[in-house]
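[1] Only the shape, not the letters, is given here:
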């Protein structure tokens, strides 16, 4: 038999009670059962711990040695349990945060804020163009939180198993080179860009279909669409090869002007997702709050978005309504 923590507690209880009968009552055991357990403990330790007598038990030399160790071990274990409970209930106790996100300024801004909000956590990131891939990584437990997005009111990926909370809703802007004839405007009608070629970052949601539908409503069919990474998209816009689509929070970039579209025909919802069974409520609340603050900071850094917000509505970086809670 291997000695266990409960055996040390039994020895301590017998010594404190001074008799097997009283110890059995304190432990909620029958006296014969306690006697049998003590014998097994003594065999495991190699000798008697107590001398039995008419008036109770007396601790042997071996028993004194064992009791001396219990005075150290048992309080230490109790304190360990208390510390572990406090640690588990504290949002700042997370030793690592594995964040996923699509490419863009919001993920970096969130990492920056979490570095201050959760200074003891080691934050790692994983980026993907695919919102579905990020949802799968959450479901598999390979990510703790993911920043994803949906076009308009489309349902988020993995809605049956994941919790999603809305971080913010942005209008979709267009990117034109500074030398473009329309770059001086404060707002563009989508129909004014009917003769342009287009560029966007790839994704597996419905944005492509929604964009085509918006163009159809504006009276034209879009010409060639380049789906490419952000750096290549920026280059195509800078050299005048294409007009790009972007979220309103796209950072200021040399050679490029970002402009809103009249009537806001396209919107993008930023979402934070996690698996309800693996994340504590406190940790999720902390990350969500920091994501909303990160978005507000990114939005404030975009001059075109700031102007759009002042003209159309007051900034609302903290939407209270969740798009889906399973």
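    Sure, I can see it. Everything quoted here is computed from the prediction, not taken from an experiment. Numbering: from 1, shown residues only.

[2] my read is residue 120 is in a helix, agree?
    No. Counting by DSSP: H, G, I helix; E, B strand; the rest coil, residue 120 is not part of a helix but coil.

[3] what comes up buried for stretch 283-290?
    Buried residues in stretch 283-290, counting neighbours by 16 or more other Cβ atoms under 10 Å, are found at 283, 284, 286, 287, 288, 290. All C-beta spots, glycine's among them, are computed from the backbone N, C-alpha and C.

[4] now stretch 202-218
    Within stretch 202-218, judged by 16+ other Cβ under 10 Å, the buried ones are 203, 205, 207, 208, 210, 211, 214, 215, 218.

[5] mind listing what the last one touches?
    Pointing back at residue 218 there. Neighbouring residues of residue 218 by Cβ atoms under 8 Å, 6 or more residues apart in numbering: 189, 190, 191, 194, 265.

[6] What about these, which one has the most neighbours?
    residue 190 (20 neighbours; other Cβ atoms under 10 Å).

[7] Could you report the separation of it from residue 109?
    According to Cβ to Cβ, to the nearest Å, residue 190 and residue 109 sit 29 Å apart.

[8] ok so, going back, could you dump the contacts of residue 218 into a markdown table and include distance to residue 132, secondary structure and pLDDT?
    Output for the contacts of residue 218, formatted as a markdown table (distance: Cβ to Cβ, whole Å; DSSP: H, G, I helix; E, B strand; the rest coil; pLDDT from 0 to 100):
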| residue | distance to residue 132 | secondary structure | pLDDT |
| --- | --- | --- | --- |
| 189 | 33 | coil | 96 |
| 190 | 28 | helix | 96 |
| 191 | 33 | helix | 97 |
| 194 | 32 | coil | 96 |
| 265 | 25 | coil | 95 |
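
[9] any idea which of the residues you listed is closest to residue 155?
    Ranked by distance to residue 155 (Cβ to Cβ), the contacts of residue 218 are led by residue 265 at 20.3 Å.

[10] Phi first, then psi, for the residue of the chain positioned farthest from its centre.
    Largest separation from the mean C-alpha position in the chain: residue 54, at 63.9 Å (Cα atoms, centre = their mean). Note on residue 54: its backbone torsions stand at phi -60, psi -30 [degrees, to the nearest 10].
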